[in-house]
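Undergrad: Mind looking at a prediction? Sequence and model below.
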There are 2 protein chains.
Amino acid sequence: MIDADQKFEEFLKLKELKYTSERKFVLKAIFSFHKHFDVEELFEKLREQGNHISRATIYRTIPLLLQSGLITEALHCQDKTSYENIFNKKHHDHLVCINCGKIIEFYNERIEKLQEEVCKQHNFVPIEHRLGIKGYCEDCYKKIKKETK
Amino acid sequence: MIDADQKFEEFLKLKELKYTSERKFVLKAIFSFHKHFDVEELFEKLREQGNHISRATIYRTIPLLLQSGLITEALHCQDKTSYENIFNKKHHDHLVCINCGKIIEFYNERIEKLQEEVCKQHNFVPIEHRLGIKGYCEDCYKKIKKETK
DNA sequence: AATGATATTGAGACTTAATTGCAATGAAAA
DNA sequence: TTTTCATTGCAATTAAGTCTCAATATCATT
């Protein structure tokens, strides 16, 4: 099985770019998140791991990771851009709780198929899509109902 | 038929806020766009219409328009946040061309229903959703195919 | 119509995410 | 080992968006 390191290295080689230790550390840090992350969190994670990588380098590495298909931009929750590791993960969409921020991932084959149909109808060639549903998760909805009683 | 002005005024009254001439002008400018717009474009449109409204006021008015349901945030295309007038418009989703920026609106009843199903399965109470498909429109796809020949 | 309480405005300072220029450094091919 | 050129960190810069505050406008009440 190909690992992410290898995939990134191949991507960089193809672009005639170098696989530096900084880029290796950034990738490693990303894979130690099990949820979405933003640049600031990544910066701190790197320090925790003993790697002082500058923010500039992180900002410069992210477009490469996006292009190589290892990560993807997540929904803009507030103001910061956040990302998600998608290496060897099946595509999925999101339910986002606007109260507690919880993110539920889902995948629905029929929705995917219907999207393809829509694209065909418009002679549109899809590259990627994003479906985000905002609302209240079970717990938060219960809480809110109680409060307004 | 209720017009947008009236709807906004009622919303403001409910919140015990004032319907100032600045807010009126902002609303008017928004309705003279027939596509998505961002804050800078809105600022310029207002000047064209002879109304010098400060950016600060625009930034302060937008959350009110969002809350009142007159506009909605559009997909983050690049870096700027852009908005869309949705007054008396049926909900729709978007196909966005990553080459020319063209936006095609679509509505698919079955996708909507399936989303409701997904939410039920997760005991999630949806408030709003957004589906954006990025790719190439017919024209751009043709152009690109030609170039790579 | 005048009054008064309070929301609103514009200007510019400020905050924060993201980008860029540049000199020093590092990777890898020759 | 040398040479070439991408990469790095730092700090300055840009740009979106927010905030402060004094002056002003709105609207309910008199």
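TA: Yep, that arrived.
Undergrad: now check the lowest-mean-pLDDT helix or strand in chain A, is it near chain B?
TA: Within chain A, no helix or strand scores below helix A:138-147, which has a mean of 87 by mean pLDDT, DSSP states H and E. Yes: using Cβ under 8 Å from any Cβ of the partner chain, we find that helix A:138-147 touches chain B at A:138, A:141. For every residue, glycine as well, the C-beta is placed using N, CA and C.
Undergrad: Can you pull the residues of chain A lying near DNA strand C?
TA: Along chain A, the residues adjacent to DNA strand C under the rule Cβ under 7 Å from any atom of the strand are A:18-21, A:38-40, A:55-56, A:59-60, A:79-81.
Undergrad: for the residues you listed, which one is nearest chain B?
TA: A:Thr81 (8.5 Å; Cβ to the nearest Cβ).
Undergrad: ok, stretch A:114-126 near chain B or not?
TA: Yes: under the criterion of Cβ under 8 Å from any Cβ, chain B is reached by stretch A:114-126 at A:114-115, A:117-119, A:121-126.
Undergrad: Switch those residues over to CSV; also include secondary structure.
TA: Output for the residues of stretch A:114-126 next to chain B, formatted as CSV (DSSP: H, G, I helix; E, B strand; the rest coil):
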residue, secondary structure
A:Leu114, helix
A:Gln115, helix
A:Glu117, helix
A:Val118, helix
A:Cys119, helix
A:Gln121, helix
A:His122, coil
A:Asn123, coil
A:Phe124, coil
A:Val125, strand
A:Pro126, strand
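Undergrad: Now a PyMOL select for only the buried ones of those.
TA: Selection command for PyMOL covering only the buried members of those, criterion 16 or more other Cβ atoms under 10 Å in any protein chain shown:
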select buried, chain A and resi 114+115+118+119+124+125
